[in-house]
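# need a 3D model of the sequence below.
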Amino acid sequence: MTNKSYTASTNLLHILLPILSTVFIFGISLGIYYFSKGYRFNISNREITMTGVLTVKTDPSFATLYIGDEDTGRTPNSTSLDIGDYKISVKKDGYNDWHKDITILEQKSTLIYPWMVLKDIKSNNLWTNKSKLVKYWINTEYDTFLFLLQVAENKYSLWSYRVNTSLWDFNTNPVEILELTTKDIEIKQSNKGNLILLTQTIDKKKSSYILDSTKKNELKSTPVFNTDGYEKHTITWANDNRHLILESTNELLSYDTVRQNMNILAKKTKGNTYIWTTDEQGFFYIIKQLSETDQSIIYSLVQSKIDGSSPKEIIEKIYMRKEAKYVEYYRENGYTLTPFTNSQESTQTAGKIISILVDQNAKGVFIQTEYASYWYYIDSQKYIIAYPYPAKLISLAPDLRKALLSENNKVLLFTFDKDDADHTEIIGTEEIQNIPDAKSIRWVSNSLNIYFTRENSLYSADKDGGNECKIYDIGSKKLSTIRSSRDHIVSLEETTAGEVVINEYRIH
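Modelled structure (predicted):
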């Protein structure tokens, strides 16, 4: 090779090397980019496929994940799959198998959180008493038992048991909170169960007291809650666990259990309907009818402190159509899940308002009318149809993104907020399948599962009704609830020997 041709070859190589390096780096970068977007290159089939990611985090961990019949390893587990439908199973020794049909979407992560229940439910006795069980109660948050025991003739004892206690709580549990000479008592528990309104009747005379359910009380040193003049009032606890609400046909009042004073919330006008609620932050809400036309009723939602002070409108105008024809159209043809504004021309909102719930933590208002149910987003001031029938609210989920509703023997799952990255949840309402005749439906603390009673047995299931497990026969169990830790069920029971026991059952 001559020097001239060698020089030319060298110069060409110097030119081509940067170009080839650039093309190589660009190709690698492009491959990484498309790989990160879920593309997979199948060299043997000479095709490009799209994938998504399946992530399974079980409770408890170290279960075996099966995709179809293939063992893909222990959980937590994350794997890339071609887009499409799959049957997955999760298995762990000693636990009920968990199954689900899933769909893998392009460039999406499918997040699955199986909560597994033990097959063999073992009990552990926490407390035993040989006295006779007379009455029992549980608060609306299902975490405080109250029960009345007969100790001797004309001698009774009222006890309280807190289901969820912290490791550093060394207080006695259960605790005897009161000694009584009569079993003729009525009890109303505050939502959190820490306070109770007790009314006892002796010689046809009623006396009411507000007691602390976390300690021993003495009636002789407890001020009487004077109900003279309020005999015709219905008394309920406000959601702030401090105030009582007294309602009659003439008025709405609040009683501050700390300051021990009564306040006027509203004087009623004959013929008007009063729809109201309270919240945990200490506010009172009432629906006021502003006007009525041939086509619609106009309401407002007014907030005040529970002592009646500082009133203000938080929803200035709520327009509700009188006729049900538009709602009937949505029932037959479907309805939009897009939040909408409310105006006099709105056709989506209809019916007289019959109940409300305001939750500042969930940033929303649930409105039930005679025709349908709605969710109002406080921040955006927009509505969404929760259900085109008058569904009742059972309870909000602990994560404050979902709710359980009931309508005409149906149990519904209503999702009003979600993580945008989670495609397995959608905004809207769906009927929970496979739980016919379910009663006392409650959330498990993870907001992914529910539990309920049916035909004298206790069951758990996924929030959509899947993976139903029978936990135990209720039998002699008077009260049952799952701890917030989700590892045990606690129950108040009466044995065949007449003993009163508190047992825990490990389910997880």
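
# would Arg331 count as being in a helix?
Yes. Secondary structure of Arg331 (DSSP: H, G, I helix; E, B strand; the rest coil): part of a helix.

# residues contacting the closest residue to it other than its chain neighbours?
The shortest distance from Arg331 to any non-neighbouring residue, by C-beta to C-beta, 6 or more residues apart in numbering, is to Pro388 (4.6 Å). C-beta coordinates here come from the backbone N, C-alpha and C atoms, glycine included. When the contact criterion is C-beta atoms under 8 Å, 6 or more residues apart in numbering, the partners of Pro388 are Val327, Tyr330, Arg331, Tyr335, Tyr371, Ala372.

# can you lay out the residues you listed as TSV showing pLDDT and neighbour count?
Listed next are the contacts of Pro388 as TSV, based on pLDDT from 0 to 100; neighbours: other C-beta atoms under 10 Å:
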residue	pLDDT	neighbour count
Val327	93	24
Tyr330	91	17
Arg331	93	15
Tyr335	84	18
Tyr371	97	24
Ala372	97	27
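
# in CSV, list these along with distance to Asn154.
CSV is the format used below for those (distance: C-beta to C-beta, whole Å):
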residue, distance to Asn154
Val327, 58
Tyr330, 61
Arg331, 59
Tyr335, 61
Tyr371, 54
Ala372, 54
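
# most widely separated two among the residues you listed?
Pairwise distances among these were taken by C-beta to C-beta; the largest, 12.4 Å, belongs to Tyr335 and Tyr371.

# list the contacts of the residue positioned nearest the centre of the chain.
If you average the C-alpha coordinates of the chain and look for the closest C-alpha using C-alpha atoms, centre = their mean, you land on Ala397, 1.4 Å from that point. Contacts were defined as C-beta under 8 Å, 6+ apart; by that measure Ala397 touches Ala403, Leu404, Trp443, Ser447, Lys463.

# can you show me the strands along the stretch 101-250 of the chain?
Using DSSP state E, counting those that start in this stretch, the strands assigned to the stretch 101-250 of the chain run over residues 109-112, 122-129, 132-138, 144-152, 155-162, 175-180, 185-189, 195-202, 205-212, 234-237, 243-247.

# tell me which residues of the first one come out buried.
Neighbour counts over strand 109-112 (16 or more other C-beta atoms under 10 Å) mark Thr110, Leu111, Ile112 as buried.

# again with the fifth one
Using 16+ other C-beta under 10 Å as the burial criterion, the residues of strand 155-162 that qualify are Tyr156, Ser157, Leu158, Trp159, Ser160, Tyr161, Arg162.

# and if you look at stretch 91-110?
Residues of stretch 91-110 classed as buried under the neighbour-count rule (16+ other C-beta under 10 Å) are Lys91, Lys92, Tyr95, Asn96, Asp97, Trp98, Lys100, Ile102, Ile104, Leu105, Lys108, Thr110.

# tell me the one among these nearest to Lys135.
In terms of C-beta to C-beta, no member of the buried residues of stretch 91-110 lies closer to Lys135 than Asn96, at 35.4 Å.

# so for the closest one, what's the pLDDT?
According to the predicted model, the pLDDT of Asn96 comes to 97.

# okay but it is in contact with Pro114, surely?
No. Look at Asn96 against Pro114 with C-beta atoms under 8 Å: they stay out of range, at 10.2 Å.

# what is in contact with those two at once?
Asn467.

# rewinding a little: make CSV from the contacts of Ala397 and add distance to His423 to it.
Listed next are those as CSV, based on distance: C-beta to C-beta, whole Å:
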residue, distance to His423
Ala403, 21
Leu404, 22
Trp443, 22
Ser447, 18
Lys463, 16
